[in-house]
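Undergrad: Pasting a predicted model and its sequence here:
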Amino acid sequence: MSVPKTIHEDQHYLQALVDNDTLVIGEIYRRFSPRVRQFIEQNNGSADDAADIFQEALVDIYNQVRFKDLVLTCPFEPFLLLICKRKWLNELKKKGRKGVTIDIDEQFNIGEDTFRQAELSWTEGEKAKLFRTMFLKLGERCQQIISLSLSDKSQEEVAALLGVTYGYLRKKKSECMATLIASVNDNLSKWGLK
């Protein structure tokens, strides 16, 4: 049984992004963008790079909240900094620039536990996104079987809805789930989640 996660008080920052609350969004920029800028400038980037990365990170967070119900279980700052750090590392990799020389964890001394929490939150969100992506690559019938099986309907009801026998449903659901899990596992390292 999983333990319910506690929503962090900084969830209001995420809600402000969704609600387009200009006052709180202004606070986000004032409070957090200088750290991102400092980190990127100390790691082969410019102020413009930092502004772009910061904006992209906020858009990513907005999308996660708006479309995937992201719930913050750690402070907002390390979560945002972690996203910016990952985005900047990807940017450096794409451009073939020298890697990061000063780690954001060391630079701001926020605390290893807080960054671990942020890392876990980010990774869970990314794994959920990978799961959804691989789910959508399944055939329509498998998507239907898995979706209905995960609903509150009994397996007998699901079989009746699909017009198949209970035995067939169990076998087909097992095959579909095996395909989905294999697909997710094959892509974990490609997504940088392994």
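TA: Good, I have the coordinates. All values reported here derive from a predicted model rather than from experimental measurement.

Undergrad: count of neighbours near Phe54?
TA: Neighbours of Phe54 under the rule other C-beta atoms under 10 Å: 23. To be clear about C-beta, it is placed using only N, CA and C from the backbone, and glycine gets the same treatment.

Undergrad: Now do the contacts for it.
TA: 29, 32-33, 36-37, 84 (C-beta atoms under 8 Å, 6 or more residues apart in numbering).

Undergrad: Filter those residues down to the buried ones, ChimeraX style.
TA: Typed into ChimeraX, the next command selects the buried ones out of the contacts of Phe54 (criterion: 16 or more other C-beta atoms under 10 Å):
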select :32,33,36,37,84
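
Undergrad: Quick one: low-confidence residue ranges for this structure.
TA: Along the chain, the model assigns pLDDT under 70 to residues 1-5, 97-126, 189-194.

Undergrad: Swap in 50 and give it another go.
TA: 1-3, 99-112 (pLDDT under 50).

Undergrad: Throw the contacts of Phe54 into JSON lines and include distance to Glu77 and secondary structure, thanks.
TA: Output for those, formatted as JSON lines (distance: C-beta to C-beta, whole Å; DSSP: H, G, I helix; E, B strand; the rest coil):
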{"residue": "Tyr29", "distance to Glu77": "13", "secondary structure": "helix"}
{"residue": "Phe32", "distance to Glu77": "6", "secondary structure": "helix"}
{"residue": "Ser33", "distance to Glu77": "11", "secondary structure": "helix"}
{"residue": "Val36", "distance to Glu77": "10", "secondary structure": "helix"}
{"residue": "Arg37", "distance to Glu77": "14", "secondary structure": "helix"}
{"residue": "Cys84", "distance to Glu77": "11", "secondary structure": "helix"}
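
Undergrad: Show me the helices in this protein, by range?
TA: Counting by DSSP state H, the segments of the chain that form helices are 11-19, 22-41, 47-68, 76-95, 104-108, 112-137, 140-149, 155-162, 166-188.

Undergrad: Tell me which of those helices sits most buried.
TA: helix 76-95 (a mean of 19; mean count of other C-beta atoms under 10 Å).

Undergrad: Give me the helices and strands touching that helix, please.
TA: Helix 76-95 sits against helix 22-41, helix 47-68, helix 104-108, helix 112-137, with contacts defined as 3 or more C-beta pairs under 8 Å, 6 or more residues apart in numbering; DSSP states H and E.
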